[in-house]
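S.K.: Sequence and predicted structure below; questions after.
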Amino acid sequence: MGTSKKEPAEEPKKRPKKGPKKDRPVPVRPVPMSPEQMIAEARKAFFVMFGLLAVVWLVQLANYSDHYALSRDYAVVSGDVGTLPDILVAPLLHWSWAHIESNSGPLFVFGFLAAYRGVARFLGLTLLIALSSGLVVWFFEHGDVATVGASGLIFGYFGYVVVRGLFDRHLIDTLIGIVMGASFAYLLTVAVPGTPGVSWLGHLGGLLGGLVGAWLFRDRRASRPASGDLTPRAPAGGRTPQPRPDSPRSDLYKELDDLGLL
């Protein structure tokens, strides 16, 4: 009787044990600003711009009484190292009453729109625009030209307002940017060469500063909620008041948040 060798049976493969199910990452959502906070910031923005405009006009009075000696002494002159510190002062000075009158309205309007989302951010933006506008004039202006005026700030605020909504993802800011861009697009004609008696380089430098500022100072307030928890949490160091579910404003607040208005 013959015998045959049995091939050893293959051991069944063990299925790897499944570990605990990992939570899927939840998209980061911006922490909304409450309506109360928006009103408070808008109020502060109004007074900040009113104060800034008052300072500009008081400086003009002193400048006029001294036959515009301040404009001559603190203007930005291309290539003159001694005028570099004057980059921060020149936006407050003007050459005539017509000059300051033409700048006052746009300065207030665009400045307010740039500041109503946060005054602290606005002050940093103003510094950036003043530096970018003044440095472009200092590096690229030809001849012994003395440059002063708030128009660099105006163009910077204009550029910031037009594109801010795209970076912050706020619907209301995007709509404001579209309206302002369509209504005041003609301003760009004095940010290119060819306009006599106007520092188009200062305008262009301010505009570039505003566009860069929209990205640098974009809204980074965001929460990282746990899985399944889509309730925005306030960032460290502050509280974002949320209406109670039974509050009569809760439905309105939710609709504004969904539209990106907060």
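M.R.: Done, it's in. Numbers count the residues shown, from 1 in each chain.
S.K.: And the helix or strand hosting residue 176, what does it pack against?
M.R.: Using DSSP states H and E, residue 176 sits within helix 171-183. On a contact count with 3 or more C-beta pairs under 8 Å, 6 or more residues apart in numbering; DSSP states H and E, helix 171-183 meets helix 97-115, helix 151-168. (C-beta placed from N, C-alpha, C; glycine too.)
S.K.: List the buried residues of the shortest one.
M.R.: Spelled out, that is helix 151-168. 151-165, 167-168 (16 or more other C-beta atoms under 10 Å).
S.K.: what's the distance between that helix and the middle of its chain?
M.R.: When distances are taken as C-alpha atoms, centre = their mean, to the nearest Å, helix 151-168 is centred 7 Å away from the chain's centroid.
S.K.: May I have the distance across stretch 191-207, first residue to last?
M.R.: Its start and end residues considered, stretch 191-207 measures 8 Å (C-alpha to C-alpha, to the nearest Å).
S.K.: tell me the average confidence for that stretch?
M.R.: Averaging pLDDT along stretch 191-207 yields 85.
S.K.: Number the chain from 36, please
M.R.: Got it, first residue is 36 now, which makes that one stretch 226-242.
S.K.: Identify all contacting residues around it.
M.R.: 164, 167-172, 175-176, 180, 182, 184, 186-191, 193-194, 222-225 (C-beta atoms under 8 Å, 6 or more residues apart in numbering).
S.K.: Tell me where the stretch 36-185 of the chain has helices.
M.R.: 70-100, 104-108, 132-150, 154-175 (DSSP state H, counting those that start in this stretch).
S.K.: Turn those helices into TSV, columns for mean pLDDT, mean neighbour count and distance to residue 212.
M.R.: Formatted as TSV, the helices of the stretch 36-185 of the chain follow (pLDDT from 0 to 100; neighbours: other C-beta atoms under 10 Å; distance: least, C-beta to C-beta, whole Å):
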stretch	mean pLDDT	mean neighbour count	distance to residue 212
helix 70-100	93	15	17
helix 104-108	96	17	33
helix 132-150	96	19	9
helix 154-175	96	20	15
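S.K.: Make JSON lines from those and add distance to residue 243 to it.
M.R.: What follows is the helices of the stretch 36-185 of the chain, written out as JSON lines (distance: least, C-beta to C-beta, whole Å):
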{"stretch": "helix 70-100", "distance to residue 243": "22"}
{"stretch": "helix 104-108", "distance to residue 243": "24"}
{"stretch": "helix 132-150", "distance to residue 243": "15"}
{"stretch": "helix 154-175", "distance to residue 243": "6"}
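S.K.: Let me know which of those is the nearest to residue 114.
M.R.: Across the helices of the stretch 36-185 of the chain, residue 114 has its closest neighbour in helix 154-175 (7.2 Å, C-beta to C-beta).
S.K.: Quick one: list the elements packing against that closest one.
M.R.: By 3+ C-beta pairs under 8 Å, 6+ apart, helix 154-175 packs against helix 70-100, strand 111-112, helix 132-150, helix 186-203, helix 235-251.
S.K.: Tell me which of those lies nearest to residue 123.
M.R.: strand 111-112 (9.9 Å).
S.K.: Quick one: mean pLDDT over that closest one.
M.R.: For strand 111-112, the per-residue pLDDT averages 95.
S.K.: Neighbouring strands - and their directions - for it?
M.R.: strand 181-182 (antiparallel) (DSSP bridges).
S.K.: Phi first, then psi, for residue 254.
M.R.: Note on residue 254: its backbone torsions stand at phi -70, psi 110 [degrees, to the nearest 10].
S.K.: State the pLDDT value of it.
M.R.: 81.
S.K.: how near is it to residue 144?
M.R.: 22 Å (C-beta to C-beta, to the nearest Å).
S.K.: cool, and residue 78?
M.R.: Distance of residue 78 to residue 144, given as C-beta to C-beta: 16 Å.
S.K.: Over to residue 249?
M.R.: Distance of residue 249 to residue 144, computed by C-beta to C-beta: 17 Å.
S.K.: Ok, residue 87 next?
M.R.: Separation of residue 87 from residue 144 (C-beta to C-beta) stands at 13 Å.
S.K.: just residue 171 next, same as before
M.R.: Taking C-beta to C-beta, one finds residue 171 at 23 Å from residue 144.
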